[in-house]
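Undergrad: Got a sequence here, can you build the structure:
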Amino acid sequence: MDNRIFVSLKNASNYFHFEKLSTASLGLEDFCCPIPEYNEYLITDAARSRKDHIALTWLLRDNRQKKIASYMSLITDSIKISTTEKELHFLNYPFKMIPALKVAKLAVDENFSKKYKGIGTYMIEFAAFIARSCDKIHAACRFLSVDADIEHNKTVLVFYEKNGFLKNEELYNKNRKVISMRKDIYG
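TA: Numbers count the residues shown, from 1 in each chain. Sure thing, here's the model as predicted:
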């Protein structure tokens with residue numbers, strides 16, 4: 001039986017809060033996910049990427065201990081979709097490139113994944129919220145995109161598919177280390 005606490009939009013604020021990564025963010029070194037490269041990114045590259053306007057990293061912090069449970073780096077993107085894919089999303093436009101918000105990095109601390117279930121899905125829901133907010137206020141955004149890292153996590157495709165992502169036909173190649181995927185935030 002799974003005794004982990006299920007995190008959802010309804011209860012997440014009881015346990016966690018979001019904050020933007022800054023040069024003053026504490027506890028980065030304590031974050032530990034099973035992929036060392038992702039830990040290293042948070043510690044050494046995320047702040048520099050923000051300073052250089054390359055990526056904005058969001059931290060999901062535990063309300064009680066203030067430890068980082070998860071992080072996600074977001075960047076602007078556009079995705080190339082085929083005619084068939086456009087039809088699937090009811091997009092009758094002559095251009096192939098469609099605006100998106102890309103989840104460039106997403107990681108969950110292994111200690112929090114032992115206690116909580118659904119943190120990764122909650123992070124995707126937050127990214128969709130940001131994309132819809134951007135679309136309403138600043139600039140058009142139709143999709144979330146991700147390059148699913150199958151090199152480091154063979155089951156990541158199942159996670160993204162469970163969360164409504166589809167493989168991008170235009171960029172699909174079985175020999176790649178990442179699989180380009182998209183989620184229609186209005187579909």
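
Undergrad: show me the contacts for Ser113.
TA: Contacts for Ser113 (CB atoms under 8 Å, 6 or more residues apart in numbering) come out as Ile119. C-betas here are computed from N, CA, C, even on glycine.

Undergrad: 10 Å instead?
TA: Applying CB atoms under 10 Å, 6 or more residues apart in numbering to Ser113 gives the contacts 4, 33-34, 69-70, 107, 119-120.

Undergrad: part of a helix, is it?
TA: Yes. Ser113 forms part of a helix when assessed by DSSP: H, G, I helix; E, B strand; the rest coil.

Undergrad: Report how many residues lie close to Asp147.
TA: 17 (other CB atoms under 10 Å).

Undergrad: What helices and strands are in contact with the helix or strand where it lies?
TA: Using DSSP states H and E, Asp147 sits within strand 143-149. If you count contacts as 3 or more CB pairs under 10 Å, 6 or more residues apart in numbering; DSSP states H and E, strand 143-149 packs onto strand 68-80, strand 97-108, helix 119-137, helix 156-162, strand 178-184.

Undergrad: Let me see the mean pLDDT of the last one.
TA: If you average the pLDDT over strand 178-184, you get 94.

Undergrad: Need the nearest residue in space to Arg132, chain neighbours excluded.
TA: In this structure, Arg132 finds its nearest non-sequential neighbour in Ile185, 5.8 Å apart by CB to CB, 6 or more residues apart in numbering.

Undergrad: And the closest residue to Ala104 other than its chain neighbours, how far from Ile124?
TA: Sequence neighbours aside, Ser73 is the residue nearest to Ala104 in space, at 4.4 Å (criterion: CB to CB, 6+ apart). To Ile124, Ser73 is 13 Å away according to CB to CB, to the nearest Å.
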